[in-house]
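Chemist: Here is a sequence with its predicted model. Questions after.
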Amino acid sequence: MTPVARELLDRAGVDRAGEAVLSTLVTVPAGLDLEILVSAVRAVVDRHEVLRARLDPDGRQLIVPPGDEVDVRSWVRRVDAPLADRSVLVEEQARAAVSRLDPSAGVMTQVVWFDSGSGSSGLLLLVIAHLVVDTVSLRVLVPDLAEAYTTLAAGRDVALQPVPTTFRHWARALAEDANTTHRTAEL
């Protein structure tokens, strides 16, 4: 666990850990394909393994199962979104997406595609539990998802760049750094 995740769990508890989220709403081209989107989400989840983590019952650690044990299809939804009704619909769907997060069951991510029809650009909402993402990481996930979708839509296999630092390594490095003389002097 990172210090932020521990603090979040201390404040909210295991049962409410999925209520602390980071989200982003991006414009997507008209004519998105749902199955390609699901496959693109799968590619991103395979690359960023912490997205498939589940919180252990005590809230002490994140357990990351193999990628083939996670049904990302259930994390992705398509919603008809006429241009006139989109803002209310986005708010409703954002609340619903947060309510579907379940860190103890390994549901850390929700993706909602607001399809405005073949002639209009749509929106894509990503909602991710704060236990597994921060603002910097979120800015990496969006381009990875776009790259994966574009590659798959072109009929090619996805080959995202390897993650340079795993979440596990980063979390451990943070914990070690927190105990250094330099950091304790900051207190």
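Modeler: That came through, no problem. Numbering: from 1, shown residues only.
Chemist: Which elements pack onto the stretch of helix or strand residue 142 belongs to?
Modeler: Using DSSP states H and E, residue 142 sits in helix 135-153. Packed against helix 135-153, as judged by 3 or more CB pairs under 8 Å, 6 or more residues apart in numbering; DSSP states H and E, are the following elements: strand 21-28, helix 34-47, strand 122-129. Any C-beta I mention is one placed from the backbone N, CA and C, and that applies to glycine too.
Chemist: Please identify the most buried of those.
Modeler: When the helices and strands packed on helix 135-153 are scored by mean count of other CB atoms under 10 Å, the highest mean neighbour count falls to strand 122-129 (a mean of 22).
Chemist: Need the mean per-residue confidence for it.
Modeler: The average pLDDT for strand 122-129 rounds to 97.
Chemist: thinking again about what came up before, return the set of buried residues in the helix holding residue 142.
Modeler: 137, 141, 144-145, 147-149, 151-153 (16 or more other CB atoms under 10 Å).
Chemist: from the chain's centre, how far out does the helix or strand following it sit?
Modeler: Moving toward the C-terminus from helix 135-153, the next helix or strand (DSSP H and E) is helix 167-178. Distance of helix 167-178 from the chain centroid (CA atoms, centre = their mean, to the nearest Å) equals 20 Å.
Chemist: Just the CA atoms of helix 167-178, as CSV, please.
Modeler: Backbone C-alpha positions of helix 167-178 (Å, rounded to 0.1, in the frame of the first residue of the first chain) are rendered in CSV as follows:
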residue,chain,number,x,y,z
PHE,A,167,3.2,-0.2,-8.5
ARG,A,168,4.6,-2.8,-6.0
HIS,A,169,8.2,-1.4,-6.5
TRP,A,170,7.0,2.2,-6.2
ALA,A,171,4.9,1.5,-3.1
ARG,A,172,7.9,-0.3,-1.4
ALA,A,173,10.3,2.5,-2.4
LEU,A,174,7.9,5.1,-0.9
ALA,A,175,7.8,3.1,2.4
GLU,A,176,11.6,2.8,2.5
ASP,A,177,12.0,6.5,1.7
ALA,A,178,9.5,7.5,4.5
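Chemist: Verify the stated contact: residue 51 with residue 44.
Modeler: Yes: contact criterion CB atoms under 8 Å: residue 51 and residue 44 qualify, at 7.1 Å.
Chemist: overlap in contacts of the two?
Modeler: By the contact definition CB atoms under 8 Å, 6 or more residues apart in numbering, residue 51 and residue 44 are jointly contacted by residue 141.
Chemist: returning to that earlier point: so which of the helices and strands packed on helix 135-153 gets nearest residue 81?
Modeler: strand 122-129 (6.7 Å; CB to CB).
Chemist: Give me the helices and strands touching the closest one, please.
Modeler: For strand 122-129, the packing partners by 3+ CB pairs under 8 Å, 6+ apart come out as strand 21-28, helix 86-100, strand 109-115, helix 135-153.
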